[in-house]
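Colleague: the amino acid sequence is not available; the structure is as follows:
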């Protein structure tokens with residue numbers, strides 16, 4: 001269980017099955033479009049189909065360091081009466097309650113959101129009882145656990161008084177609830193311990209959707225705390241029944257690397273395990289599935305009619321500044337070369353532990369790798385001068401420059417693994433910044449990758465890499481990403 005089924009920063013998975021089609025949603029935080037959606041026929045190979053919140057009328061995100069790790073928290077995706085239903089929380093608008101949208105197909109279009117005004121918290125879930133009544137269940141900081149209320153999902157109107165249904169097993173931060181029906185039992189799957197090294201999945205069950213719930217005797221049913229495994233921080237899970245009647249669980253995890261205390265760089269990713277049932281309790285079988293460990297790669301010329309779902313932007317909707325066309329991608333002016341904060345960064349999630357990215361563009365541009373605006377590196381071209389730049393907290397330094405670089409050269413960043421030896425205090429990888437031309441790669445500078453890790457930057461996201469026009473419009477003709 002060391003290979004994610006959806007690599008790169010894709011946390012808080014929620015999954016449902018309709019016939020032989022599995023659909024999965026993850027959280028997106030300050031990036032737009034919000035809530036990426038994937039489909040699969042085998043639970044191992046997933047294809048992006050779009051986003052549930054793909055326009056400004058559905059989603060407001062904030063730019064800059066104040067917006068980092070804000071925005072969209074954990075969603076729940078379900079299917080009922082021919083429609084897909086999705087609920088989530090925009091923490092930047094938390095006082096409005098949770099939002100609910102629906103669609104006939106996960107590829108969209110998705111409805112305008114309705115809001116559950118009067119319900120404050122995160123990580124909402126939707127479940128329908130035998131009478132067709134919809135129950136909203138969420139992580140409730142006011143009542144100190146998992147609460148529930150009846151709701152009209154088409155209007156967001158509350159139909160009962162909220163009530164605490166389970167306080168968890170005593171671990172910190174009971175959150176991420178998902179209610180799943182199996183036989184005569186309702187199972188409440190919860191994340192506890194915080195989304196770090198103490199993360200775990202706990203389960204309770206009840207004959208009624210609203211409880212009372214009894215905890216599983218073997219809780220936590222999944223955790224990697226105090227182990228040396230390659231995947232850590234496992235938690236925030238959802239259950240799904242397969243077409244053959246067996247069950248599986250999707251959950252998030254991290255892949256930390258380097259010397260103590262180790263660092264993870266790609267954020268929290270989505271993993272898959274099997275589930276058996278013993279005495280009507282779920283028992284996790286970690287090695288049931290074998291995801292393909294092959295590296296990811298793409299080579300894009302932006303000549304399609306619309307942007308691929310891989311492209312997102314922090315604090316802005318890409319449709320407002322990035323326009324693909326028959327000859328490539330027109331980018332509206334973003335930040336100036338001297339500024340730090342992204343304005344119009346078109347980015348994609350880093351998916352591999354070792355990788356390279358390169359961009360071919362006309363005009364002044366930056367190829368940027370970031371966790372947030374205070375933790376980033378960039379290769380910037382202004383005129384014929386190319387500079388390697390690093391921003392770590394308050395430190396902002398140009399590491400090296402090359403003058404009179406061919407305008408046709410590609411800007412490039414590589415992430416290379418350390419060849420660790422006993423006693424070395426190495427980070428997770430080395431970031432190599434440079435440019436590529438007919439003679440090959442020319443290195444400008446390199447930096448220890450720990451400075452672009454969650455352990456240093458904080459927050460809930462991971463690395464993304466992308467391109468931004470510096471001060472004036474630019475034109476991108478090619479973007480290559482290759483895992484290795």
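Modeller: Cool, got the structure. Remember, predicted model here, so these are calculated numbers, not experimental data. Numbers count the residues shown, from 1 in each chain.

Colleague: burial count for residue 130?
Modeller: Residue 130 has 8 neighbours, counted by other Cβ atoms under 10 Å. C-beta here means a position set from N, CA and C on the backbone, and glycine is covered the same way.

Colleague: which residues sit against the helix or strand of the chain with the lowest mean pLDDT?
Modeller: The helix or strand of the chain with the lowest confidence, counting by mean pLDDT, DSSP states H and E, is helix 64-67 at a mean of 94. If you take Cβ atoms under 8 Å, 6 or more residues apart in numbering as the criterion, helix 64-67 is touched by 30, 61, 92, 314, 315, 341, 372, 373, 374.

Colleague: could you redo the last one with a cut-off of 6 Å?
Modeller: Helix 64-67 has contacts (Cβ atoms under 6 Å, 6 or more residues apart in numbering) with 30, 315, 341, 373, 374.

Colleague: show me which of these is closest to residue 258.
Modeller: Within the contacts of helix 64-67, proximity to residue 258 (Cβ to Cβ) peaks at residue 374, which comes in at 20.7 Å.

Colleague: from residue 471, how far out is the closest one?
Modeller: 21 Å (Cβ to Cβ, to the nearest Å).

Colleague: which of the two has more neighbours?
Modeller: Set residue 374 next to residue 471 and count neighbours by other Cβ under 10 Å: residue 374 wins out with 21 against 16.

Colleague: which SSE is the nearest residue to residue 306 once chain neighbours are set aside in?
Modeller: Distance criterion Cβ to Cβ, 6 or more residues apart in numbering; nearest residue to residue 306, sequence neighbours excluded, is residue 324 at 6.7 Å. Residue 324 belongs to strand 322-325 when assigned by DSSP states H and E.

Colleague: paired strands for that strand, with orientation please.
Modeller: Applying DSSP bridges, strand 322-325 is found paired with strand 328-331 (antiparallel).

Colleague: neighbouring contacts of the strand it pairs with?
Modeller: Here strand 328-331 makes contact (Cβ under 6 Å, 6+ apart) with 302, 322, 323, 469, 474, 475, 476, 477.

Colleague: which of these are buried?
Modeller: Neighbour-count burial (16 or more other Cβ atoms under 10 Å) is assigned, among the contacts of strand 328-331, to 302, 322, 469, 474, 475, 476, 477.

Colleague: so, low pLDDT: which residues of the stretch 51-200 of the chain?
Modeller: For the stretch 51-200 of the chain, no stretch is flagged by pLDDT under 70.

Colleague: burial check on the nearest residue to residue 216 once chain neighbours are set aside, number of neighbours?
Modeller: Using Cβ to Cβ, 6+ apart and skipping the chain neighbours, the partner closest in space to residue 216 is residue 203 (4.4 Å). Number of residues near residue 203 (other Cβ under 10 Å) recorded here: 23.

Colleague: what does residue 440 give?
Modeller: 7.

Colleague: now do residue 19
Modeller: 8.

Colleague: spatially nearest residue to it, not counting backbone neighbours?
Modeller: Leaving out its chain neighbours, the residue that sits closest to residue 19 by Cβ to Cβ, 6+ apart is residue 243, at 7.9 Å.

Colleague: show me where the chain has helices.
Modeller: 64-67, 454-457 (DSSP state H).

Colleague: from the contacts of helix 64-67, pick the one nearest residue 392.
Modeller: Nearest to residue 392 out of the contacts of helix 64-67 is residue 374 (Cβ to Cβ; 7.5 Å).

Colleague: and residue 466, bridged to which residues?
Modeller: Beta-bridge pairing for residue 466 (DSSP bridges): residue 347, residue 368.

Colleague: per-residue pLDDT, it?
Modeller: On the pLDDT scale, residue 466 is placed at 98.

Colleague: please apply the same query to residue 407.
Modeller: 91.

Colleague: relative to residue 383, how far out is it?
Modeller: 8 Å.

Colleague: check residue 125 too.
Modeller: 53 Å.

Colleague: quick one, which of those two is more surrounded?
Modeller: In this view residue 125 and residue 383 are compared by other Cβ under 10 Å, and residue 125 has more residues nearby, 27 against 12.

Colleague: where do the strands of the stretch 301-450 of the chain begin and end?
Modeller: Here the stretch 301-450 of the chain has its strands, by DSSP state E, counting those that start in this stretch, at 313-314, 322-325, 328-331, 346-349, 355-362, 365-372, 375-382, 385-392, 395-402, 410-416, 430-437, 440-448.

Colleague: out of the ones you listed, nearest to residue 264?
Modeller: Comparing the strands of the stretch 301-450 of the chain against residue 264 with Cβ to Cβ, the closest turns out to be strand 365-372 (10.7 Å).

Colleague: so which elements touch that closest one?
Modeller: Under the contact definition 3 or more Cβ pairs under 6 Å, 6 or more residues apart in numbering; DSSP states H and E, strand 365-372 sits against strand 375-382, strand 410-416, strand 464-469.

Colleague: relative to strand 430-437, how tilted is that strand?
Modeller: Here strand 365-372 points in a direction 170 degrees away from that of strand 430-437 (axes from the mean of the first three to the mean of the last three Cα atoms, to 10 degrees).

Colleague: quick check: which of the strands of the stretch 301-450 of the chain is nearest to residue 85?
Modeller: Closest among the strands of the stretch 301-450 of the chain, using Cβ to Cβ: strand 346-349, at 25.4 Å.

Colleague: now do the closest one: distance to the chain's middle.
Modeller: 12 Å (Cα atoms, centre = their mean, to the nearest Å).

Colleague: what residues does it touch?
Modeller: Counting by Cβ under 6 Å, 6+ apart, residues outside strand 346-349 touching it are 8, 9, 310, 311, 313, 318, 322, 464, 466, 467.

Colleague: give the buried residues for the least confident helix or strand of the chain.
Modeller: Neighbour-count burial for helix 64-67, with 16+ other Cβ under 10 Å as criterion, is recorded at 64, 67.

Colleague: now swap in stretch 125-141 and tell me
Modeller: Within stretch 125-141, the residues that count as buried by 16+ other Cβ under 10 Å are 125, 126, 127, 128, 134, 135, 136, 137, 138, 139, 140.

Colleague: next: stretch 46-60.
Modeller: Buried-residue list, stretch 46-60, by 16+ other Cβ under 10 Å: 46, 49, 50, 51, 52, 53, 54, 55, 58, 59, 60.

Colleague: next step: those restricted to strands.
Modeller: Under the assignment DSSP state E, the buried residues of stretch 46-60 contribute 49, 50, 51, 52, 53 to strands.
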